[in-house]
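Engineer: Any chance you can model this:
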Amino acid sequence: MQTTRSTCVSFYLFVGVGLFYNFLSQCKCELLDRKIRENGVVCTEKLLNRCLRHINLKELSKNISVYTSPIGPLCLGALSSVKHGSENTESKKFVEDILSASKYGLDVDCGMPDEALYGRTGYLNCLITLRENNFDIPVSVVSSITDAILKSGQKTAGAYKSDGFYNRLMYQSSKRDLCMPPLIFEWYNECYLGAAHGFAGILTTLLKFRFSFLLKVYRLFPGSISSHSLNQLILPTVDWMSQLQLSNGNWSPSLGDSESHDILVHWCHGATGVIPLMLSAYKITGENKYLKCALDGGEAVWTRGLLHKGCGLCHGSAGSGFALLEIYQTTQDPKYLYRAIKVYRLFPGSISSHSLNQLILPTVDWMSQLQLSNGNWSPSLGDSESHDILVHWCHGATGVIPLMLSAYKITGENKYLKCALDGGEAVWTRGLLHKGCGLCHGSAGSGFALLEIYQTTQDPKYLYRAIKIDVKLAVFVPDYMEIPVPLCEPFSLCPNKITGENKYLKCALDGGEAVWTRGL
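Structural biologist: Numbering: from 1, shown residues only. Have a look, this model is predicted:
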């Protein structure tokens, strides 16, 4: 594929999958084959090099976020070069380039956003990650960016106050009597409240640098934010955010929205992304009002925010799961751990008993009778056995096995289990694919089918077979990374797309206990 500069920005989205492979190379799990760990190093390097070939540091003048700018590949390069034993000079160069980019975020009038995905807060998150991995990051660099964020917030707040825009904006809101906070943040002339572009993401990051009342420790970079800034600017704005919570526990996407706009319960817009802010404020101040906001937000996530759009952070179930997990980590209430696990299940009662018994199960039974004598299923209805070629997730036994196992679990009828086991033999004898490591036509699909049989039967034979596919992934992933990937489905930290091999490897490391839930 010929790559043009117009598409190169999309290659920064490969950083997300690169970080996954970087983590994989450091994983201590005993189930993980050494070859896969070594392969994590290879894949990290290939993805990093793919990004670095097209990197343009001039782009940093408009965007310094780790999520969507050259800062992302530089951060990955620093992390991987140290962990994989490269010379310190290589990692030092990556860090120097990152620190040098701080100059683009100092001028509050330069047009650089304050928010996470494209602005200063995303840059701070890079510095936090590097510090957590024992890089020496000067406090002065952190302070210069936090000061710029606070100055920008004060300047915008002053403008909103002087021209009466805040009062006009809040007039249609049920919170119209709420006094203006000392900090106001905009993104494209809109005051977003959520984690991606708004107050929640910015304030949560700023609170990471302050003393925790409950934990009795500094988190990171002590002294980078003054007590005056915390007590006169940041915490009053957090308190104002807490008062914007709606009666149902959610937050509106933007400042001034009426309750009729209360639609989204996402990480980017809504309670899902504000919960970490409330929990951070609770840990710092010890004030129960923030914990209550987080718990009420957790109820909104549980009742309205179990998203089926995908498995991503921003608009998907991962964001919902993170919010509930953080409540559990703070409260140790097992209810929230249970709910976080249940995030990946479909809503109960969404299908009636009539629909199940009169429509769905009879169709599943018909499907079971279409199984061929060798355990496979034909690609299409009416195909003769001469068309019995494919044993893929998209066409063949690999994708039908989960259906048969689901029917067995619901009905208890052994005929469905037998279909699944016969299909498993077809996968093992004919479906260990060499085309790649993906879900649809690759090894990951085969692995999921065998893992789910193991989960259902607890027969170690199927776990052994699934682990053997780990080795195949270790062999084929490096070559696969050379295959051009459609940029409409990028490998990203935030969008809803995530590669089949990532899912499979994670499930394999869990010993089959976390087989990817279908239907999200």
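Engineer: how far away is G321 from F448?
Structural biologist: 20 Å (C-beta to C-beta, to the nearest Å). C-betas here are computed from N, CA, C, even on glycine.
Engineer: oh sorry, the question was meant for L291
Structural biologist: 39 Å.
Engineer: Hmm, P253 and T272 touching each other?
Structural biologist: No - counting by C-beta atoms under 8 Å, T272 sits too far from P253 to count as a contact (11.7 Å).
Engineer: Looking at these two, which one has more neighbours?
Structural biologist: T272 (34 against 21; other C-beta atoms under 10 Å).
Engineer: From the contact counts, what lies against the helix or strand that contains the more buried one?
Structural biologist: T272 is located in helix 271-285, with elements delineated by DSSP states H and E. If contacts are counted by 3 or more C-beta pairs under 8 Å, 6 or more residues apart in numbering; DSSP states H and E, helix 271-285 sits against helix 199-207, helix 235-243, helix 288-304, helix 317-331.
Engineer: Would you mind writing the CA trace of the last one as PDB?
Structural biologist: In PDB, the C-alpha atoms belonging to helix 317-331 read as follows (Å, rounded to 0.1, in the frame of the first residue of the first chain):
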ATOM      1  CA  SER A 317     -18.000  -1.100  27.300                       C
ATOM      2  CA  ALA A 318     -14.400  -0.600  28.400                       C
ATOM      3  CA  GLY A 319     -15.200   2.900  29.600                       C
ATOM      4  CA  SER A 320     -18.200   1.600  31.600                       C
ATOM      5  CA  GLY A 321     -16.100  -1.200  33.100                       C
ATOM      6  CA  PHE A 322     -13.300   1.100  34.100                       C
ATOM      7  CA  ALA A 323     -15.700   3.400  36.000                       C
ATOM      8  CA  LEU A 324     -17.200   0.600  37.900                       C
ATOM      9  CA  LEU A 325     -13.800  -1.000  38.600                       C
ATOM     10  CA  GLU A 326     -12.500   2.300  40.000                       C
ATOM     11  CA  ILE A 327     -15.500   2.500  42.400                       C
ATOM     12  CA  TYR A 328     -14.700  -1.000  43.500                       C
ATOM     13  CA  GLN A 329     -11.100  -0.200  44.100                       C
ATOM     14  CA  THR A 330     -12.100   2.800  46.200                       C
ATOM     15  CA  THR A 331     -14.900   1.300  48.200                       C
END
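Engineer: Please find the angle between the direction vectors of it and helix 288-304.
Structural biologist: 140 degrees (axes from the mean of the first three to the mean of the last three C-alpha atoms, to 10 degrees).
Engineer: how far is helix 317-331 from where the chain is centred?
Structural biologist: Relative to its parent chain, helix 317-331 has a centroid offset of 12 Å by C-alpha atoms, centre = their mean, to the nearest Å.
Engineer: can you pull the buried residues of it?
Structural biologist: Across helix 317-331, burial judged by 16 or more other C-beta atoms under 10 Å covers 317-328, 330-331.
Engineer: still on that earlier bit, which of the helices and strands packed on helix 271-285 has the lowest average pLDDT?
Structural biologist: Averaged per stretch, pLDDT over the helices and strands packed on helix 271-285 is lowest on helix 317-331, reaching a mean of 89.
Engineer: just checking, next helix/strand downstream of it?
Structural biologist: helix 334-342.
Engineer: the inter-axis angle of that following helix versus helix 288-304?
Structural biologist: 40 degrees.
Engineer: elements contacting helix 334-342?
Structural biologist: helix 288-304, helix 317-331.
Engineer: Using CSV, list the CA coordinates for that helix.
Structural biologist: In CSV, the C-alpha atoms belonging to helix 334-342 read as follows (Å, rounded to 0.1, in the frame of the first residue of the first chain):
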residue,chain,number,x,y,z
PRO,A,334,-17.9,-6.4,45.7
LYS,A,335,-21.1,-5.2,44.1
TYR,A,336,-19.1,-3.0,41.8
LEU,A,337,-16.7,-5.7,40.9
TYR,A,338,-19.6,-7.9,40.0
ARG,A,339,-21.1,-5.1,37.9
ALA,A,340,-17.8,-4.5,36.1
ILE,A,341,-17.7,-8.1,35.2
LYS,A,342,-21.3,-8.1,34.0
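Engineer: what separates that helix from the chain centre, distance-wise?
Structural biologist: 18 Å.
Engineer: returning to what we had before: how much does the helix holding T272 deviate in direction from helix 235-243?
Structural biologist: 140 degrees.
Engineer: hey, C-alpha coordinates of helix 271-285 in PDB?
Structural biologist: What follows is helix 271-285, C-alpha atoms only, in PDB (Å, rounded to 0.1, in the frame of the first residue of the first chain):
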ATOM      1  CA  ALA A 271     -21.100  10.000  34.200                       C
ATOM      2  CA  THR A 272     -18.700   7.300  33.000                       C
ATOM      3  CA  GLY A 273     -15.800   9.800  32.500                       C
ATOM      4  CA  VAL A 274     -16.700  12.000  35.500                       C
ATOM      5  CA  ILE A 275     -16.700   9.200  38.100                       C
ATOM      6  CA  PRO A 276     -12.800   9.100  38.200                       C
ATOM      7  CA  LEU A 277     -12.800  12.800  38.900                       C
ATOM      8  CA  MET A 278     -15.200  12.500  41.800                       C
ATOM      9  CA  LEU A 279     -13.200   9.600  43.300                       C
ATOM     10  CA  SER A 280     -10.000  11.500  43.000                       C
ATOM     11  CA  ALA A 281     -11.500  14.500  44.800                       C
ATOM     12  CA  TYR A 282     -12.800  12.200  47.500                       C
ATOM     13  CA  LYS A 283      -9.300  10.600  48.000                       C
ATOM     14  CA  ILE A 284      -7.700  14.100  48.200                       C
ATOM     15  CA  THR A 285     -10.200  15.800  50.400                       C
END
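Engineer: these two touch, right, W302 and R339?
Structural biologist: Yes - using C-beta under 8 Å, W302 is in contact with R339, at 5.4 Å.
Engineer: what number of residues lie near the residue nearest to S91 when sequence neighbours are not counted?
Structural biologist: Nearest residue to S91 in three dimensions, chain neighbours excluded: S81, at 4.1 Å (C-beta to C-beta, 6 or more residues apart in numbering). With neighbours defined by other C-beta under 10 Å, the count for S81 comes to 22.
Engineer: S81 sits in which helix or strand?
Structural biologist: helix 71-83.
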